[in-house]
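**Student:** below is the structure, and that's it, no one-letter string:
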């Protein structure tokens with residue numbers, strides 16, 4: 001390769017076309033400008049009929065095209081000064097380079113498979129992805145040898161020509177880019193071209209008359225193609241899983257074509273990304289995901305796989321071990337009777353309620369104490385008392401009483417100024433509320449409808465409010481700034497106004513209330529992964545609808561008022577919470593060594609629970625368990641009058657966070673779904689699981705209204721889908737006299753006696 005590195009290489013990563021052009025020239029690569037793609041997708045040359053969009057020489061600057069390519073810095077700077085957006089081309093031969101140009105959408109993958117199967121891998125340490133999804137494998141040009149111009153369908157060998165390179169744009173709307181570890185501007189060096197490629201110049205190019213056999217039959221491919229029609233390719237994880245499955249069970253060019261064609265239905269489709277990800281499957285040797293994954297995903301979307309009707313064949317009753325029915329864990333006594341001021345407040349809330357809800361009483365007590373402590377306290381590990389709490393109970397069960405109680409308590413303690421708005425409709429609404437009240441509580445009556453507006457209806461404003469609340473939760477120890485915050489280039493007055501709109505140490509406590517149906521119907525499986533749900537301490541009541549009874553008087557204990565007064569004004573400041581742009585003055589509560597060890601153990605436990613719930617998509621629900629327990633332990637410690645977080649405070653807080661998170665995850669696993677079909681499947685599985693003896697189809701119809709409303713084809717589809725993933729089995733129950741009966745029984749996916757076991 002030509003060693004004409006006359007331009008010093010800056011340590012700064014190249015960004016603009018001229019940056020890249022200069023960096024290439026520094027490597028001794030000869031560059032010249034070619035037309036870029038205009039914003040309307042047409043060639044910037046101005047020819048509406050141009051058939052070489054974004055790829056042909058910019059003749060006003062390089063009249064002889066690639067013959068004008070140079071490494072001269074002054075010339076390069078002059079070219080791109082006149083045309084800053086011009087694409088960058090590299091003339092290969094004078095640069096000492098050649099390139100294998102692979103077009104996957106024109107049979108290039110199959111050609112390369114056949115060549116590499118016969119001769120060995122064709123791999124270089126310098127690899128580029130073209131804007132159209134192809135590859136440029138760049139090699140050192142061997143001297144004294146002729147090279148073939150084409151290796152076969154979809155694969156060209158370029159030496160006397162040029163290639164367009166990063167950061168050039170492409171007619172597809174994408175960009176040319178170097179593969180991460182194969183970027184020459186970051187030090188990667190082209191490999192030597194395999195010797196045997198030179199010999200191909202003297203023989204016929206590869207023919208695709210007799211391609212290697214596919215891993216799947218034509219019937220398999222047809223079945224997979226039919227199933228793909230029921231799967232949306234918008235979700236990246238689904239997209240990748242389907243790609244892995246097709247790569248493993250179909251593979252080669254046919255597999256790529258099948259996956260790529262399906263991918264194009266998504267508005268997120270990126271041909272370069274498709275090529276790169278498909279290539280990663282080969283490189284990583286992905287295993288364990290097969291066409292069964294595709295079929296299961298399709299069945300969720302309502303696909304009826306006629307090829308699996310055989311799964312309905314019954315198995316002997318004794319060959320299946322039914323799943324044990326799991327009752328919701330009862331709340332331990334000590335969690336309903338918290339220590340210190342929390343316990344006093346919870347008992348008062350319960351005593352004043354016409355419809356007692358002990359679990360909600362504790363949640364209300366936590367909300368009150370967290371609000372009082374606000375910006376005043378933190379641990380030496382920077383845990384603040386702000387918490388997001390959600391009470392789930394049926395209508396007429398008494399869940400609304402907590403709202404009245406918290407507001408009554410704050411008013412009695414002369415802290416009504418800490419009562420914030422009843423909801424937020426946008427991120428600016430959240431910030432405005434915090435700017436007016438940097439420490440406050442928001443009590444939301446219909447929290448499930450807030451989630452529904454943000455996630456199901458795709459209300460961008462409501463969704464932005466939830467995103468903002470996620471940030472507030474994490475910003476207790478920092479500063480919440482307006483969207484697009486920047487003081488760069490502002491004069492001091494304008495910069496001060498921007499800083500004054502920021503909120504230091506925002507202390508927001510949320511107490512939400514909703515019904516089970518509203519809440520669980522409003523969220524899909526993605527909600528458990530989006531980072532908001534796992535910030536909530538969710539408590540679903542064990543007590544249903546109630547008839548009200550007489551309550552005691554509502555006189556608030558003097559000890560509660562005294563505690564709130566002292567806790568909120570310990571520093572002697574009149575009202576520091578009303579100065580949002582100033583850092584909060586706090587009292588630091590250290591965490592004892594014993595408590596720290598308990599939290600460390602709990603964090604390890606939470607990580608283990610995340611691993612255990614990965615497959616179900618619920619791992620993230622345990623991601624903030626430890627942080628929530630540390631915040632809660634701070635509240636317990638201050639409520640007990642302790643000057644440090646004790647082991648007892650930590651133990652109670654950990655028990656509380658663990659108990660309700662596990663209950664929530666169990667519920668999510670059984671009822672959250674992203675489609676009506678998936679909802680019916682989960683309801684049917686829940687009903688079957690609840691009956692240890694199993695259920696016949698007619699019994700299922702009696703117990704599941706959703707199943708009863710389906711036509712026969714839909715019912716068969718639901719049962720087939722559940723059986724295919726080994727959640728249920730159809731068992732034959734033999735009788736001493738008379739014919740056998742057949743029932744559906746819930747079983748485990750690992751049961752080797754399942755009818756579709758390998």
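**Tutor:** Okay, I see it. These numbers were taken from a predicted model, which means no experiment stands behind them.

**Student:** helices of the stretch 251-400 of the chain, start to end?
**Tutor:** Using DSSP state H, counting those that start in this stretch, the helices of the stretch 251-400 of the chain run over 252-263, 271-284, 291-300, 340-351, 358-373.

**Student:** could you give the angle of the shortest one to helix 252-263?
**Tutor:** Right, helix 291-300. 20 degrees (axes from the mean of the first three to the mean of the last three CA atoms, to 10 degrees).

**Student:** check the longest one too.
**Tutor:** Helix 358-373 and helix 252-263 are oriented at 80 degrees to each other (the same axes, to 10 degrees).

**Student:** mind checking how far helix 358-373 is from the chain centre?
**Tutor:** Relative to its chain's centre, helix 358-373 lies at 31 Å (CA atoms, centre = their mean, to the nearest Å).

**Student:** so what secondary structure elements neighbour that helix?
**Tutor:** The contact analysis (3 or more CB pairs under 8 Å, 6 or more residues apart in numbering; DSSP states H and E) places helix 358-373 against helix 340-351, strand 388-392, helix 401-412, strand 439-444, strand 507-514, strand 536-540, helix 558-568, helix 625-639. Glycine gets a C-beta too; all of them are placed from N, C-alpha and C.

**Student:** out of the helices of the stretch 251-400 of the chain, deepest packed?
**Tutor:** Neighbour counts (mean count of other CB atoms under 10 Å) averaged over each of the helices of the stretch 251-400 of the chain peak at helix 358-373, with a mean of 28.

**Student:** where does the stretch 651-758 of the chain dip in pLDDT?
**Tutor:** 672-676, 712-713, 725, 735-741, 748-758 (pLDDT under 70).

**Student:** what about 50?
**Tutor:** Scanning the stretch 651-758 of the chain for pLDDT under 50 picks out the ranges 750-758.

**Student:** cool, and the stretch 301-450 of the chain?
**Tutor:** For the stretch 301-450 of the chain, residues meeting the criterion pLDDT under 50 lie at 308-311.

**Student:** what do you get for the stretch 1-150 of the chain?
**Tutor:** Filtered on pLDDT under 50, the stretch 1-150 of the chain yields the residue ranges 1-6.

**Student:** which residues are contacting stretch 263-272?
**Tutor:** For stretch 263-272, the surrounding residues in contact (CB atoms under 8 Å, 6 or more residues apart in numbering) are 105, 129-133, 172, 174-175, 177, 232-234, 236, 239, 260, 274.

**Student:** same thing but at 7 Å, please
**Tutor:** 129-133, 172, 174, 233-234, 239, 274 (CB atoms under 7 Å, 6 or more residues apart in numbering).

**Student:** now it: how far from the chain's centre is it?
**Tutor:** 19 Å.

**Student:** quick one: terminal-to-terminal distance for it?
**Tutor:** Here the two ends of stretch 263-272 are set 12 Å apart, with distance taken as CA to CA, to the nearest Å.

**Student:** buried sites along it?
**Tutor:** By 16 or more other CB atoms under 10 Å, the buried positions in stretch 263-272 come out as 263, 269-272.

**Student:** what does the average pLDDT come to for it?
**Tutor:** For stretch 263-272, mean pLDDT is 83.

**Student:** can you list the domains in this structure?
**Tutor:** Domain ranges of the chain: 17-202, 218-303, 345-670, per automatic domain parsing.

**Student:** can you show me the strands along the stretch 651-758 of the chain?
**Tutor:** 728-733, 741-746 (DSSP state E, counting those that start in this stretch).

**Student:** ok, back up a step: dump the helices of the stretch 251-400 of the chain into JSON lines; add distance to residue 74 as well.
**Tutor:** Below are these laid out as JSON lines (distance: least, CB to CB, whole Å):
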{"stretch": "helix 252-263", "distance to residue 74": "44"}
{"stretch": "helix 271-284", "distance to residue 74": "33"}
{"stretch": "helix 291-300", "distance to residue 74": "57"}
{"stretch": "helix 340-351", "distance to residue 74": "75"}
{"stretch": "helix 358-373", "distance to residue 74": "66"}
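
**Student:** thinking again about what came up before, now for the contacts of stretch 263-272, which pair is the farthest apart?
**Tutor:** 130 and 234 (24.3 Å; CB to CB).

**Student:** contacting residues for residue 398?
**Tutor:** Here residue 398 is in contact with 353, 355-357, 546 (CB under 7 Å, 6+ apart).

**Student:** for residue 17, that is, sorry about that
**Tutor:** If a contact means CB under 7 Å, 6+ apart, then residue 17 has 80, 84-88, 167 as its contacts.

**Student:** for residue 592, same thing?
**Tutor:** Contacts for residue 592 were tallied using CB under 7 Å, 6+ apart; they are 644-647.

**Student:** which helices and strands does the helix or strand harbouring residue 224 pack with?
**Tutor:** Per DSSP states H and E, residue 224 falls inside helix 218-228. When contacts are defined as 3 or more CB pairs under 7 Å, 6 or more residues apart in numbering; DSSP states H and E, helix 218-228 sits against helix 252-263, helix 291-300.

**Student:** re earlier: closest one to residue 422 among the helices and strands packed on helix 358-373?
**Tutor:** With CB to CB as the measure, strand 439-444 is the member of the helices and strands packed on helix 358-373 nearest residue 422 (6.5 Å).

**Student:** any idea how far that closest one is from the chain center?
**Tutor:** Using CA atoms, centre = their mean, the offset of strand 439-444 from its chain centre is 28 Å.
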